[in-house]
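Asker: Okay, sequence plus prediction incoming.
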Amino acid sequence: QVMYPHFAEAAQIADGSPVAAQAKAIMDQTDDPRQRAALATQLVQDEVSYLLNGLDGGNYLPQSVSETWEVRYGDCKAKSVLLHALLLEMGIASEVVLVSSGGGDAVPELLPIPGAFDHVIVRAQIDGVDYWLDGTSTGTRIGNMDRVPPFYYALPLTGEGDGLVEMAQRDPAKPELVMEAQLDHTAGVDLPALYTYTYRFSGASSAPMRAIVDADDPEMRRRIASNFNPGGLDGMQVSDLTITYDHELAEALVTVTGVASPEFDWANGRMRMDLSVNVANASFNPDRTRRSWREIPVATQGTSRMAMGYSVLLPDEGEGFRLIGDTAMDASFANTRLMADAELDAGVVTVNSETLNLLGEIAAADLPEARRAARRISTQSLEVAPPEDITWRWERSAQERAALAEPIIAAYSAAIAFADEDNHLPLQWRASFKSSIYDYEAALEDLDTLVEIDPGVWVYQQRAWTHYALGNTCLLYTSPSPRDLIAHRVCRLL
C-alpha cells in the first residue's frame, strides 16, 4: 500500500506518447487479449535492455514508463511498470506484484517488509485466468504464456493494500524442450549406426541458441559438437550441427547428424539394444545421513516439461526383431512424472516419452516412499532383441560389406571435415571401422596419415596390426624407419 502510489504514478501513459503508440500498434494487430498480452510482453523483453539502477532510491522506486521507453533500459521494476502500463492501456486487467526468487514457500513466515522480496513481475487477468508475466525474461509468446514462474507467492501492489497471493502451478501447455532422435541401424547390428538428433527449444530456453545463431561462428558450433553426446552413444562422431531460430515463435532448432558405434551389445551372453530412455531420470536419493538433516524436506524444481521421440530403423526391415520389457510406463516419484510408450512396426522401433517436473517439496516423512518409487521405476527395462539367425559382417561378401559401409564411411568423412584441425578422433574411428570390415588397405591409408599428423602408441599399434593382417611383417623388419621397428615389435607381441 505504501509503495503503490510510486508505481501507479510511474505507470501513467500520456496521450499521444510513444508508449501509447506502441499499445495502439499492438491493438491494431489483434483483438485477442491473450495475444495482446503476449505481444506486449515480447515488446518489453526485446526492446528494453536490463540494467539495475540502485542509486537514489532506484532499488525501491521505479522509472516512469516514458523514461524507460526513451532510454530503452531498466530493471525489473521499470520493465514491469512498462508492461503493466501497456496492458492497462489495452484494457487488460493487471497489477505489479512483488516476488521472492529465492525464498521459496517460506515467504509467508517472513516479516512483511520490502526486503522479503527481490523481484517484480506482472499479473494479468484474462478470462478469469492469471498470467504471470516477467519483462526481464525472454521468449514469451502466446504458446508458453501460461507458464507459472517458480516463486510460490506474490504480493500485489494495490491502493487498498493486499495480502500474499499463491501462484498456483499448472502443467505447461507445451514442452520447453522436444528432442527427437533417429538411429539408422539398417546396415546391421554389428555395424555403426547413422544418427540424427533434433532439439526444439522454446521460450526462455531458446535464448542461448538465438545468441549463437546471431553470432554465426563456425568455431562455436564445433565446440558445441565436441561436447555433444546426449544418449551416451559410444564412438559418437558429429558430421554436422546446424542451429536455426524462429523469432516469431521464439523457438530454436538444433540438428545434429553423425555416426556412432553399434547400439547392439552383448550382455549376459545375449545381444541386446537398451531402450530404457526414461529410467535414467528416475533417481532420487537426497543425503539425510546426519541426524540433524533427517527432518528436512526436499525441494523439487519445476514446473518443467520435456518430450522425447526415439526411433530406430532396424536391419532386414525388422524381420525377427522383438521388443522385450516394459513397452508402456506412467509412473511418478518425488513430484516427477515419467510417461513412455514403445512399439515395433514395419521395421522401426519407436519410443515416445515425456517427463513432467512439478514445483514443490517432499516432506521428510515421505522421503522413504519417494526413494522406493524411484527405485521401482529404475528397475523397468526395454530392450530390442535381434533374431538368432542374423547375418554378421564376416558372413557377407566383400561387395556386400562395401555397399553397406559406403554411407557409414561418408558420415565419418563428413565428421573429419567438420572437426577442428587438431581433432583427429573421426579419422581414428574411420580407420578402425575400415579395419572392422577387413578393408585393410584403406585402413592403412588413414593410419599412415595419422602417423604423420598425430603419432602415438595407439596409431603405431593399429598400423602394426594392419600390416600384420596384410602379411607385411618382413617389410616391417627390414625397414630402416625407427617407427616401423617399434611397430614390428608390437606385431611380434600380437
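Answerer: Received the coordinates, thanks.

Asker: distance of residue 5 from residue 89?
Answerer: In this view, residue 5 and residue 89 are 19 Å apart by Cβ to Cβ, to the nearest Å. For every residue, glycine as well, the C-beta is placed using N, CA and C.

Asker: Those two: which has the busier surroundings?
Answerer: Higher neighbour count among residue 5 and residue 89: residue 89, with 19 against 11, using other Cβ atoms under 10 Å.

Asker: which stretches of this structure have low pLDDT?
Answerer: Counting by pLDDT under 70, the chain contains low-confidence residues at 56-58, 229-233, 277-281, 473-494.

Asker: Quick check, central residue of it?
Answerer: The residue lying closest to the centre of the chain (Cα atoms, centre = their mean) is residue 177, at 6.0 Å.

Asker: any chance you could map the strands in the stretch 101-250 of the chain?
Answerer: Using DSSP state E, counting those that start in this stretch, the strands assigned to the stretch 101-250 of the chain run over residues 119-126, 129-133, 153-156, 165-166, 177-184, 193-202, 237-246.

Asker: CA-only coordinates of the second one in CSV, if you can.
Answerer: When you say that, I think you mean strand 129-133. Output of strand 129-133 as CSV, limited to C-alpha atoms (Å, rounded to 0.1, in the frame of the first residue of the first chain):
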residue,chain,number,x,y,z
VAL,A,129,-7.0,-16.8,-15.6
ASP,A,130,-3.9,-15.4,-14.0
TYR,A,131,-0.9,-14.9,-16.3
TRP,A,132,2.4,-14.2,-14.6
LEU,A,133,4.5,-12.1,-17.0
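
Asker: Identify the residues contacting the residue nearest to the centre of the chain.
Answerer: Contacts were defined as Cβ atoms under 8 Å, 6 or more residues apart in numbering; by that measure residue 177 touches 199, 200, 201, 202, 205, 306, 307.

Asker: same question, residue 135
Answerer: 41, 44, 45, 48, 76, 79, 80, 82, 83, 121, 122.

Asker: Tell me if residue 376 really is in a strand.
Answerer: No. Counting by DSSP: H, G, I helix; E, B strand; the rest coil, residue 376 is not part of a strand but helix.

Asker: Grab the nearest non-local neighbour of it.
Answerer: residue 331 (7.4 Å; Cβ to Cβ, 6 or more residues apart in numbering).

Asker: Which secondary structure elements does the helix or strand the one you found falls within sit against?
Answerer: Assigned by DSSP states H and E, residue 331 belongs to strand 328-333. Judged by 3 or more Cβ pairs under 8 Å, 6 or more residues apart in numbering; DSSP states H and E, strand 328-333 is in contact with strand 336-345, helix 367-378.

Asker: again, only this time at 10 Å
Answerer: Contacts defined by 3 or more Cβ pairs under 10 Å, 6 or more residues apart in numbering; DSSP states H and E place strand 328-333 against strand 336-345, strand 348-357, helix 367-378.

Asker: what's the closest of the contacts of residue 177 to residue 284?
Answerer: Residue 284 lies nearest to residue 306 out of those, by Cβ to Cβ, at 17.1 Å.

Asker: and the closest one, how many neighbours does it have?
Answerer: Other residues close to residue 306 by other Cβ under 10 Å number 17.

Asker: isn't it right up against residue 337?
Answerer: No. Counting by Cβ atoms under 10 Å, residue 337 is not a contact partner of residue 306; they are 11.3 Å apart.

Asker: residues shared between the contacts of those two?
Answerer: Residues touching both residue 306 and residue 337 (Cβ atoms under 10 Å, 6 or more residues apart in numbering): 354, 355, 356, 357.
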